[in-house]
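A.B. asks: Got a sequence here, can you build the structure:
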Amino acid sequence: MAAGDEDRALALWEAEATDPSCAIRLRERAVLARDVERARRWLAASATASPAEAKVAAGVAEMLAGEVPAALPLFKAALQLDPGSVTAQHHMARALFNLGRQEQALGMLQQVIGLAPDFLEARCSLAHVLRALARFDEAASQYQAVVRAAPGLHAAQFNLGVTELLRERPEAALAAFDQCLSLRPDDPEAWLNRGLSQHMAGAAAEAQASYRRVIALSPDSPTGHYYLGSLLNEQLRDAEAEHHLRRARELDPRDPDTAAELIGLLEQANRVDEARSLLPEALAAAPGHPRLLIEAAKISRRAADLEQARRALAQIQPQRLMPRDAQVYWFERGLLHDRAGECEAAISAFNNGHRLAARSPRRRGIDSGAFDRRLAALDTWLDENGAMLRRGFDEPLPPLPFSLVFLVGLPRSGTTLLDTVLDAQPGFAAIEEKPTVESVLQALPQPWLDGLLDLGAPEIARLRGQYVDLAQRFIPGATPRVVVDKLPLRFLDLPALRWLFPEAGILFVARHPFDVMLSNFMQQYVPTEAFIHFDSLDASARTCAALLARWRRMASDFRAPHHRLDYEHLVESPAQALEALGGWLDVVLDIGALDPARRLAGRGRIATNSYQQVAEPVYRRAIGRWKDYAAQLGPHLAPLADEASALGYPVRP
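C.D. replies: A predicted model of the protein is given here:
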């Protein structure tokens, strides 16, 4: 057992199973493994050890049959016969736990371990009770003690992994589940939890492979289909995600998590009526399920039924939620308070959401200093080579098969709205936040900051060809006349854009920086090196100021075709804004594309946090929102005031 050879240990005990002490060991191991048939096999032999052990065996038989109340008197009788019986105390504690008397169970198990430190099955029970009481660190310590003594004990390794997941330590959990799989390579539950560990750590491709292995081993596993569908949903692979989530519902129609995930997918795809139609049945099956209530609140808020949304959230106790669900709750509550004009409550809710996000395992894996270093490196390049922005690459290059426009700006400045308007124009195609340029730049032998100006015409022609191949993967149908490639923060690579695509237009969307910093603070972003810097009002203001300062510096230096479109102008005077933009593009833009049904027709799921806003008719309520929050924003606006003034925006309400 100490060498990790659990099968050999079991075989040795079985060879001497006429010895009652060996039969007890086999019974305890089988109970731990939840192997009912094996446990029953050793009941009679274990009962011959003593009159007290006979009572224990009878009680275990009742528990295996699900008759916990009937088992409890038998264990008490065993303790009357032998007050020092650790097996009687162990199983009595199990019975007490199953009857909801957790603290009593805990005290009895601690007493058992004090009497018999090597009673590994009892130590596992102690760990299980500690975990149920949310004392995860103590539970993990107990499981670790078991696996040190018996590395091949699958149940202990598995439960250690589950406990590490609850501690949000995905790397430690992954190590435990890998050990489980070394013992049982085809265990679907271990593969499932291995996928959860990888998913929590942000290793999406590896998690997907683990989930697919679960389905290969157990095609009718509802949890396998659910977790694979959830991951595919995160990756915006709607059709596949929906297939697996609907399959999970077929296999387990009453599971509320599957229903919530499917409803969330439909809502995010702006199929709101479909999402709403699933809610009554799902809530009837699980009336107080937090994720369902959050989805219900979201759908009610989108329909402007704020009171109904409020009633849904009021049923949730956020302190009892898992961290991931608690984040979603607080951000949704913040949006509801914002929509109701409750500014102080909104800021408080968003702060709660950001505090939880900061403790996320995915956040811990991100270098918090990387974004600042990127900005500093750009500054150094501009100090040394800024004049090259005016020139761009000026040798002959093979033409692109389409006119190219890079759509940039700060996040939450209106780039997604404009992207959908342009995508609906005849002859236009928009590429929404795909790594086209980024993939080309990553193919360079060194960062572009170090080698851009050394590239000659042949190398640039090859890179342009790579870009065209990548871009056309995201463009359905025939090659369009104009490609709008949108990624807001791509302007930080503006020198590379000028060098590789000197003829491309740069379309910059501006919005009042105070509104931008507030809107970014209100978002629950997938953590990246840039977006983790919007997690407080102060950080959001400083980040927006830093970004706008770099844009202002570069915009004053380069001479590429570029156009500034103000979000406020587009919303308040759409005909004039589109006329000016069309004049720059040398086309007549159709204002009818502002209609959301036309903008979203035939278009896949919007990949950004703006998916709700772009599904609505163009509205004015987000303009000047910062003025409503003036009391909350006041201490944080100083870093942004210069940039707002430089863009021509007022800095006082």
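A.B. asks: May I ask which helix or strand of this structure has the lowest mean pLDDT?
C.D. replies: Using mean pLDDT, DSSP states H and E, the weakest-scoring helix or strand in the chain turns out to be helix 611-614, at a mean of 61.
A.B. asks: Which other helices and strands does the host helix or strand of His90 contact?
C.D. replies: Per DSSP states H and E, His90 falls inside helix 86-98. Secondary-structure packing of helix 86-98 (3 or more CB pairs under 8 Å, 6 or more residues apart in numbering; DSSP states H and E): helix 20-32, helix 51-64, helix 68-81, helix 102-115, helix 120-132. All C-beta atoms are positioned from the backbone trio N, CA, C, and that covers glycine.
A.B. asks: angle of the last one against helix 86-98?
C.D. replies: Between the axis of helix 120-132 and that of helix 86-98 there is an angle of 20 degrees, by axes from the mean of the first three to the mean of the last three CA atoms, to 10 degrees.
A.B. asks: For His563, which three-state class applies?
C.D. replies: Classification of His563 using DSSP: H, G, I helix; E, B strand; the rest coil returns strand.
A.B. asks: re earlier: skip ahead from the least confident helix or strand of the chain and say which helix or strand is next.
C.D. replies: Taking DSSP H and E, what comes next after helix 611-614 is helix 625-628.
A.B. asks: Distance from the chain centre to the next helix or strand after that following helix, please.
C.D. replies: Sequence-wise, the next helix or strand downstream of helix 625-628 (DSSP H and E) is helix 630-633. Centroid displacement of helix 630-633 relative to its chain, using CA atoms, centre = their mean, to the nearest Å, is 30 Å.
A.B. asks: Show me what helix 630-633 is packed against.
C.D. replies: Judged by 3+ CB pairs under 8 Å, 6+ apart, the packing partners of helix 630-633 are helix 343-358, helix 513-521.
A.B. asks: right, and those - which one's nearest Pro219?
C.D. replies: Checking the helices and strands packed on helix 630-633 against Pro219 by CB to CB gives helix 343-358 as the closest, at 35.7 Å.
A.B. asks: quick one: buried residues of the closest one?
C.D. replies: For helix 343-358, burial by neighbour count (16 or more other CB atoms under 10 Å) applies to 343, 346-354, 356-357.
A.B. asks: same check, this time on stretch 360-374
C.D. replies: If you call a residue buried by 16+ other CB under 10 Å, then stretch 360-374 has these buried ones: 360-362, 366, 371, 374.
A.B. asks: before we move on, what about stretch 277-297?
C.D. replies: Across stretch 277-297, burial judged by 16+ other CB under 10 Å covers 278-279, 282-283, 286, 289-297.
A.B. asks: And the contacts of the helix or strand containing Ser556?
C.D. replies: According to DSSP H and E, Ser556 maps onto helix 537-557. Applying CB atoms under 8 Å, 6 or more residues apart in numbering, the contact partners of helix 537-557 are 347, 375, 378-379, 382, 386-387, 389-390, 410, 489, 491-492, 494-495, 508, 513, 516-518, 520-521, 530, 533-534, 562, 632-633, 635-640, 642-643, 646-647.
A.B. asks: ok, 7 Å please
C.D. replies: Contact with helix 537-557 is made by 375, 378, 382, 386, 389-390, 410, 491-492, 494, 508, 513, 516-517, 520-521, 533-534, 633, 636-637, 639-640, 643, 646, as judged by CB atoms under 7 Å, 6 or more residues apart in numbering.
A.B. asks: still on that earlier bit, check pLDDT for the buried residues of stretch 360-374 and point me to the minimum.
C.D. replies: Ranked by pLDDT, those bottom out at Arg362 (78).
A.B. asks: which residue packs closest to it, ignoring adjacent ones?
C.D. replies: Among residues not flanking Arg362 along the chain, Gly202 sits closest, at 4.5 Å (CB to CB, 6 or more residues apart in numbering).
A.B. asks: Adding secondary structure, write the buried residues of stretch 360-374 out as JSON lines.
C.D. replies: Below are the buried residues of stretch 360-374 laid out as JSON lines (three-state DSSP):
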{"residue": "Ser360", "secondary structure": "coil"}
{"residue": "Pro361", "secondary structure": "helix"}
{"residue": "Arg362", "secondary structure": "helix"}
{"residue": "Ile366", "secondary structure": "coil"}
{"residue": "Phe371", "secondary structure": "helix"}
{"residue": "Arg374", "secondary structure": "helix"}
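A.B. asks: and which of these is nearest to Arg41?
C.D. replies: The nearest one, if we look at those relative to Arg41 and count by CB to CB, is Pro361, at 42.0 Å.
A.B. asks: Asn193 versus the closest one, what's the distance?
C.D. replies: Distance, Pro361 to Asn193, using CB to CB, to the nearest Å: 15 Å.
A.B. asks: which non-adjacent residue is nearest Glu572?
C.D. replies: Using CB to CB, 6+ apart and skipping residues adjacent in sequence, the residue nearest Glu572 is Arg620, 6.6 Å away.
A.B. asks: for Phe521, same thing?
C.D. replies: Nearest one to Phe521, counting by CB to CB, 6+ apart, is Ser540 at 4.3 Å.
A.B. asks: what about the one you found, how many residues close to it?
C.D. replies: 26 (other CB atoms under 10 Å).
A.B. asks: what kind of secondary structure is the nearest residue to Arg390 once chain neighbours are set aside in?
C.D. replies: Distances taken as CB to CB, 6+ apart put Arg559 closest to Arg390, at 5.0 Å, once the chain neighbours are dropped. Judged by three-state DSSP, the three-state class of Arg559 is coil.
A.B. asks: so how many other residues sit close to Arg559?
C.D. replies: Other residues near Arg559 come to 10 when the count uses other CB under 10 Å.
A.B. asks: What does Phe119 show for phi and psi?
C.D. replies: With angles defined as degrees, to the nearest 10, Phe119 sits at phi -80, psi 90.
A.B. asks: How about Phe428?
C.D. replies: phi -110, psi 150.
A.B. asks: Let me see the contact set for it.
C.D. replies: Neighbouring residues of Phe428 by CB under 7 Å, 6+ apart: 422, 480, 482, 484.
A.B. asks: quick one: the third one and Phe406 touch, right?
C.D. replies: The one in question is Val482. No. Using CB atoms under 7 Å, Val482 is not in contact with Phe406; the gap is 11.9 Å.
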